[in-house]
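A.B. asks: Sequence and predicted structure are below.
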Amino acid sequence: MLDDFLIRAALAGVGVAIAAAPLGCFVVWRRMAYFGDATAHAALLGVALSLSFSISIFAGVLAVCLAMALAVSTLSERGYGIDTFLGVLAHSALAFGLVAVSLLSGVRVDLSAYLFGDILAVTRADLAVIWGGALAVLMLIGWRWQPLLTATLSADLAKAAGVNPRREQLVLTLALAAVVAVAIKVVGALLIIALMLIPAAAARPFSGSPEAMALTAGGIGAASALAGLWASFQFDTPTGPSIVCAAALVFLASTLISLTRRA
Amino acid sequence: MSLIETRDLALRLGRETVLRDVDFAIEPGEIVTIVGPNGSGKSSFLKALIGVLEPSAGSIHRAPRLKIGYVPQQLHIDRTLPLTVARFLSLPQRQTRKAMCAALEEAGAADLLSRQMTDLSGGQRQRVLLARALLNHPDLLILDEATQGLDQPGSAAFYRLIEQVRRDLGCAVLMVSHELHVVMSASDRVICLNGHICCEGKPEIVASAPAYRALFGTGTQGALALYRHEHSHSHDHAHDHDHAHEVAE
């Protein structure tokens, strides 16, 4: 069954979507979208690094994203103007990554595969990495769920209750880097954060608790992955962007429903 | 024995010294209020007591197994985070429904258990924060300008509630406040803080102390003077020292 590239693509998409969902909720609650972008855009540098040292893309991307995320969270603690600073980092990481990949001698690199994903080329080995990474991220977030939520509410309240907000920030940073590393093959560096952010935002109006929001976001993400895959097959469109389009349409519907409910 | 005691406590935020030479102690069951102008180090002092800020000098001694309930100044909850009062009270430790109801009851917010945090009014939210602080049956309740954003009747009601809680639970209360005239009557002791302890004692003694008057003006309605307080004031008491004023709270 796994011989079929469509089945593999569907499994890969669903795996990434359910790992991205709870993390996406924290990205929304903590307003970390730019932080996520900076991390994800650094992935391209990781790709360049992996190709030039012939190591696995997953390892290279994970290492570079982690370094980037740690650098950003350390610097932001020192009180740099966070919005501008993150914007500068996010886009320069992308630019340097593009330049670095183009400088690689001897290899012809299909850049768009890393920017927008190449889900139809997912192999069995890729599937193992994606699901292994996704389950690791889910376990990490599940284990730290209570302290993570507390630290999200207020750093002072967390500290007063014996929760170290910096350690929880580190947990999120690690999870974010891992999701970017497993998702680059599926939706690419440019759209990973969209796959976290949009299902979480779409889930918000239908959720009365943080847990419900994470579960709903996972459902929306998985459905978007399947719908996007179907659409890309049907209309011959690029798969990664089609998945994000599907999620965006769900978000649009969810927003309209919540607006009419309130009116 | 004191619940918590500081010796020569000093605090730095960045390069600024916010507080220095603070000798402080609070006894079981006591209500102590800290007053002081903006930037006088009041909030930082409380944060040092609960362990959020590390002292740069001096020591903090806490009684063994001291339980502190902390009510922060304000809690901003992002609208994107769906969170009922019950779920909020269960962070970071899960609580039984019975314990949550009892704490809400004590804080005068009995019917709020299943409401969304973001739908609460300012007064309701402060009561929920108080209930959260009461969950672990604290020996010491620490409130940081808990009535900020409440109107006059609202904050008066909140302070009556604090007195009630002290009577019911017997815990000590340490609070920071702007509203001197409300707070004064409810306190056993008032500490006037401005980078260091300017003066302290029973409310009526502090109110007539020269150092206090220099900060807040004369008359018992000191609250208004507080808001007009200039950072470039001069103290008229004898010992000379420089005030580190330009600091964030």
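C.D. replies: Received the coordinates, thanks. All figures in this text were calculated on a predicted structure; none of them were measured in a lab.
A.B. asks: And the average pLDDT for stretch A:48-63 is what?
C.D. replies: In this model, stretch A:48-63 has an average pLDDT of 88.
A.B. asks: can you give me the end-to-end distance of it?
C.D. replies: Stretch A:48-63 has an end-to-end distance of 12 Å (Cα to Cα, to the nearest Å).
A.B. asks: Any buried residues in that stretch, and which?
C.D. replies: Neighbour counts over stretch A:48-63 (16 or more other Cβ atoms under 10 Å in any protein chain shown) mark A:A48, A:L49, A:S50, A:L51, A:S52, A:I57, A:F58, A:G60, A:V61, A:L62, A:A63 as buried. The C-beta positions use only the backbone N, C-alpha and C, and glycine is treated the same way.
A.B. asks: Dump the C-alpha coordinates for the longest helix along chain B into PDB.
C.D. replies: Criterion DSSP state H: the longest helix present in chain B is helix B:152-169. Extracted as PDB, the C-alpha positions of helix B:152-169 are listed here (Å, rounded to 0.1, in the frame of the first residue of the first chain):
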ATOM      1  CA  GLN B 152     -13.500  53.500  43.400                       C
ATOM      2  CA  PRO B 153     -16.400  51.400  44.700                       C
ATOM      3  CA  GLY B 154     -14.900  48.300  43.000                       C
ATOM      4  CA  SER B 155     -11.500  48.700  44.700                       C
ATOM      5  CA  ALA B 156     -13.100  49.500  48.100                       C
ATOM      6  CA  ALA B 157     -15.100  46.300  47.800                       C
ATOM      7  CA  PHE B 158     -12.000  44.400  46.800                       C
ATOM      8  CA  TYR B 159     -10.100  45.600  49.900                       C
ATOM      9  CA  ARG B 160     -13.100  44.700  52.200                       C
ATOM     10  CA  LEU B 161     -12.800  41.300  50.600                       C
ATOM     11  CA  ILE B 162      -9.100  41.100  51.500                       C
ATOM     12  CA  GLU B 163      -9.900  41.900  55.100                       C
ATOM     13  CA  GLN B 164     -12.500  39.200  55.100                       C
ATOM     14  CA  VAL B 165     -10.100  36.700  53.600                       C
ATOM     15  CA  ARG B 166      -7.600  37.500  56.300                       C
ATOM     16  CA  ARG B 167     -10.300  37.000  59.000                       C
ATOM     17  CA  ASP B 168     -11.400  33.700  57.500                       C
ATOM     18  CA  LEU B 169      -8.100  32.200  56.700                       C
END
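A.B. asks: after that helix comes which helix or strand?
C.D. replies: Note on helix B:152-169: by DSSP states H and E, the next helix or strand toward the C-terminus is strand B:172-176.
A.B. asks: Give me the helices and strands touching that following strand, please.
C.D. replies: Judged by 3 or more Cβ pairs under 8 Å, 6 or more residues apart in numbering or on different chains; DSSP states H and E, strand B:172-176 is in contact with strand B:31-35, helix B:42-49, strand B:140-144, helix B:152-169.
A.B. asks: Indicate which one of these is closest to chain A.
C.D. replies: helix B:42-49 (6.7 Å; Cβ to the nearest Cβ).
A.B. asks: Just give me how far the closest one sits from the chain centre.
C.D. replies: Here helix B:42-49 is found 8 Å from its chain centre; the criterion is Cα atoms, centre = their mean, to the nearest Å.
A.B. asks: what about the strands in chain B?
C.D. replies: Remark: strands assigned in chain B by DSSP state E are B:4-13, B:16-26, B:31-35, B:57-62, B:68-71, B:140-144, B:172-176, B:189-193, B:197-201.
A.B. asks: got a list of what the residue nearest to A:Y114 when sequence neighbours are not counted touches?
C.D. replies: Counting by Cβ to Cβ, 6 or more residues apart in numbering or on different chains, the nearest residue to A:Y114 once its immediate chain neighbours are dropped is A:V47, at 5.0 Å. When the contact criterion is Cβ atoms under 8 Å, 6 or more residues apart in numbering or on different chains, the partners of A:V47 are A:I57, A:G60, A:V61, A:G97, A:V101, A:V109, A:Y114, A:I184, A:A189.
A.B. asks: correct me, but the third one touches A:H41?
C.D. replies: Spelled out, that is A:V61. No: counting by Cβ atoms under 8 Å, A:V61 does not reach A:H41; the two are 11.3 Å apart.
A.B. asks: Give me every residue in chain A lying close to chain B.
C.D. replies: A:28-31, A:146-147, A:149-150, A:152-154, A:156-163, A:201, A:204, A:207-210, A:212-213 (Cβ under 8 Å from any Cβ of the partner chain).
A.B. asks: From those, which land in helices?
C.D. replies: Those of the residues of chain A next to chain B lying in helices (DSSP H): A:28-29, A:146-147, A:149-150, A:152-153, A:156-160, A:201, A:210, A:212-213.
A.B. asks: about what we covered before: following element in sequence after whichever helix or strand the residue nearest to A:Y114 is part of, please.
C.D. replies: Element membership for A:V47, per DSSP H and E: helix A:43-53. Counting by DSSP H and E, the element after helix A:43-53 in chain order, helix or strand, is helix A:57-77.
A.B. asks: ok, back up a step: which strands and helices sit next to the longest helix of chain B?
C.D. replies: strand B:31-35, helix B:97-106, helix B:122-134, strand B:140-144, strand B:172-176, helix B:180-186.
A.B. asks: where's A:A12, which helix or strand?
C.D. replies: helix A:5-29.
A.B. asks: Give me the nearest residue to B:D139, chain neighbours excluded.
C.D. replies: Looking at B:D139 with Cβ to Cβ, 6+ apart, the closest residue is B:K67, at 5.2 Å.
A.B. asks: picking that back up, now the helix or strand following the helix holding A:A12 against helix A:5-29, angle please.
C.D. replies: Counting by DSSP H and E, the next helix or strand C-terminal to helix A:5-29 is helix A:33-41. Counting by axes from the mean of the first three to the mean of the last three Cα atoms, to 10 degrees, helix A:33-41 lies at 140 degrees to helix A:5-29.
A.B. asks: Give me the residues contacting helix A:33-41.
C.D. replies: A:27, A:65, A:68-69, A:72-73, A:76, A:82-83, A:86-87, A:89-91, A:93-94, A:97, A:173, A:176-177, A:180, A:189-190, A:192-193, A:196-197.
A.B. asks: And stretch A:168-181, by the same measure?
C.D. replies: Against stretch A:168-181 from outside (Cβ under 8 Å, 6+ apart): A:16, A:19-20, A:23, A:26-27, A:30, A:32, A:35-36, A:39-40, A:43, A:46, A:58-59, A:61-62, A:65-66, A:68-70, A:73, A:133-134, A:136-137, A:140-141, A:144, A:147-148, A:150-152, A:158, A:189, A:192, A:196.
A.B. asks: which of those residues are buried?
C.D. replies: Buried residues within the contacts of stretch A:168-181, counting neighbours by 16+ other Cβ under 10 Å: A:16, A:19-20, A:23, A:26-27, A:30, A:32, A:35-36, A:39-40, A:43, A:46, A:58, A:61-62, A:65-66, A:68-70, A:73, A:133-134, A:136-137, A:140-141, A:144, A:147-148, A:150-152, A:158, A:189, A:192, A:196.
A.B. asks: so how many other residues sit close to A:D118?
C.D. replies: A:D118: 21 surrounding residues under other Cβ atoms under 10 Å in any protein chain shown.
A.B. asks: and the residue nearest to it when sequence neighbours are not counted, which of the three is it?
C.D. replies: Leaving aside its sequence neighbours, A:D118 sits nearest to A:K185 (Cβ to Cβ, 6+ apart; 6.3 Å). Of the three states, A:K185 takes coil under DSSP: H, G, I helix; E, B strand; the rest coil.
A.B. asks: Could I get the contacting residues of A:K185?
C.D. replies: Listed by Cβ under 8 Å, 6+ apart, the contact set of A:K185 reads A:A12, A:I57, A:G117, A:D118, A:I119, A:A121, A:V122, A:D126, A:I130.
A.B. asks: Filter those down to the buried ones.
C.D. replies: A:A12, A:I57, A:G117, A:D118, A:I119, A:V122, A:D126, A:I130.
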